[in-house]
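>>> turn this into a model:
(one chain, ligands or ions: 1)
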Amino acid sequence: MFKNVIVKDPGNSYVNGLTTSDLGKPILEKLFEQHEKYVEALKRCGVEVTQLQANEAFPDSTFVEDTAVLTSEFAIISNPGAEARNREIEEIVPAVKKFYEKLYYIDGPGTLDGGDVLQAEKNFYVGISDRTNEEGARQFKEIVEKEGYEATIVPLKEFFHLKTGIAYVGENRMVVAGEFIDHPAFESYEKIIIPKEDEYSANCIQVNDYVIIPAGYPETNRKLNDLGYQTIELEMSEFRKHDGGLSCLSLRF
Ligand code: CIR
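Predicted coordinates for the structure are as follows:
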């Protein structure tokens, strides 16, 4: 069960953030409304929400997931791989320290974005991407192994972050898309396969009794409902314009 989440409001500078998509300029009014609905959905899942204020100096800082990896016992502060985002950790450290005594850090030259880390019970999967380098993944693996977890390093071929294309929804089940559908690292899991046209919905989050999914993917919704999951659908258009998904907007612990 998750008891807490940390989120951070998006600011007006969000429009100046990083993106690889050609989906157009984010509309701030819609962005703020979508973020509010996200926070409401988390509260409905029964978690306590720590809501950090927007920081206009860091346009992408609403994507808090990239700044840390939080487990039930310890926290790892990441070292975000995009230069423009690296100092986002300065405001996350004090927020995380309110909950954790045991903090680890990924140090340069290692880089790691939390979006490249997937936890499934006692197993971690760490993507090597444009943001997470081998040294960052190695440091992460060393830390979690010391803490009694296993870690598998997964070099990415196409996805932006590891969790762009995969989610763990409990009960040994993964939601998988693209390069992860047949990936040997995930072969021991039962899989909910997401086809190319619905790929964005592979980034969903299980929070206690619910799975939160992006709106507009009835097939993904149906697959989850058929397996007995209760779902909450959320509009994500303005986050998607800047390569963001549901998992990116919170740290859940
Ligand atoms: C970035 O390029 O860093 C942001 N515009 C999007 C980050 C998305 N985060 C994630 O997938 N964990």
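
>>> whichever residue of the stretch 151-253 of the chain sits closest to the ligand - how many residues pack around it?
Ranked by Cβ to the nearest ligand atom, the top residue of the stretch 151-253 of the chain for proximity to the ligand is Cys248, at 3.4 Å. For the C-beta atoms, the positions are set from N, CA and C on the backbone; glycine is no exception. Using other Cβ atoms under 10 Å, the number of residues around Cys248 comes to 24.

>>> would you enumerate the residues in contact with it?
Residues near Cys248 by Cβ atoms under 8 Å, 6 or more residues apart in numbering: Phe63, Val64, Glu65, Asp66, Gly115, His161, Lys163, Asn203, Phe239.

>>> verify the stated contact: the fifth one with Thr67.
No. With contact defined as Cβ atoms under 8 Å, Gly115 and Thr67 do not form a contacting pair (9.9 Å).

>>> phi, psi of Glu56?
For Glu56, the backbone dihedrals (degrees, to the nearest 10) come out as phi -60, psi -20.

>>> if I look at it, how far off is the ligand?
Distance of Glu56 to the ligand, computed by Cβ to the nearest ligand atom, to the nearest Å: 15 Å.

>>> kindly report the same for Pro80.
Pro80 is 8 Å from the ligand, by Cβ to the nearest ligand atom.

>>> not counting sequence-adjacent ones, nearest residue to whichever residue of the chain sits closest to the ligand?
For the chain and the ligand, the shortest gap (Cβ to the nearest ligand atom) falls at Gly115, measuring 2.3 Å. In this structure, Gly115 finds its nearest non-sequential neighbour in His161, 3.4 Å apart by Cβ to Cβ, 6 or more residues apart in numbering.

>>> what about the one you found, how many neighbours?
29.

>>> that one touches Gly127, doesn't it?
Yes. Proximity of His161 to Gly127 meets the contact threshold set by Cβ under 8 Å, at 6.3 Å.

>>> what pLDDT does Thr152 get?
We have a pLDDT of 98 for Thr152.

>>> so what secondary structure elements neighbour the host helix or strand of it?
Assigned by DSSP states H and E, Thr152 falls within strand 150-155. For strand 150-155, the packing partners by 3 or more Cβ pairs under 8 Å, 6 or more residues apart in numbering; DSSP states H and E come out as strand 123-128, helix 134-146.

>>> enumerate the residues of the stretch 151-253 of the chain near the ligand.
Neighbours of the ligand within the stretch 151-253 of the chain, by Cβ under 6 Å from any ligand atom: His161, Thr164, His242, Asp243, Gly244, Gly245, Cys248.

>>> show only the entries of those found in strands.
Judged by DSSP state E, strands contain none of those.

>>> let's have those residues in a markdown table, adding distance to Pro59 and pLDDT.
Formatted as a markdown table, these follow (distance: Cβ to Cβ, whole Å; pLDDT from 0 to 100):
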| residue | distance to Pro59 | pLDDT |
| --- | --- | --- |
| His161 | 18 | 98 |
| Thr164 | 19 | 98 |
| His242 | 8 | 98 |
| Asp243 | 12 | 97 |
| Gly244 | 12 | 97 |
| Gly245 | 17 | 97 |
| Cys248 | 14 | 98 |
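
>>> Throw together a ChimeraX command that grabs the buried residues out of those residues.
Buried members of those, defined by 16 or more other Cβ atoms under 10 Å, are picked up in ChimeraX with:
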select :161,164,242,243,244,245,248
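
>>> measure the closest residue to Thr220 other than its chain neighbours to Asn208 for me?
Leaving aside its chain neighbours, Thr220 sits nearest to Ser201 (4.1 Å; criterion: Cβ to Cβ, 6+ apart). Counting by Cβ to Cβ, to the nearest Å, the gap between Ser201 and Asn208 amounts to 20 Å.
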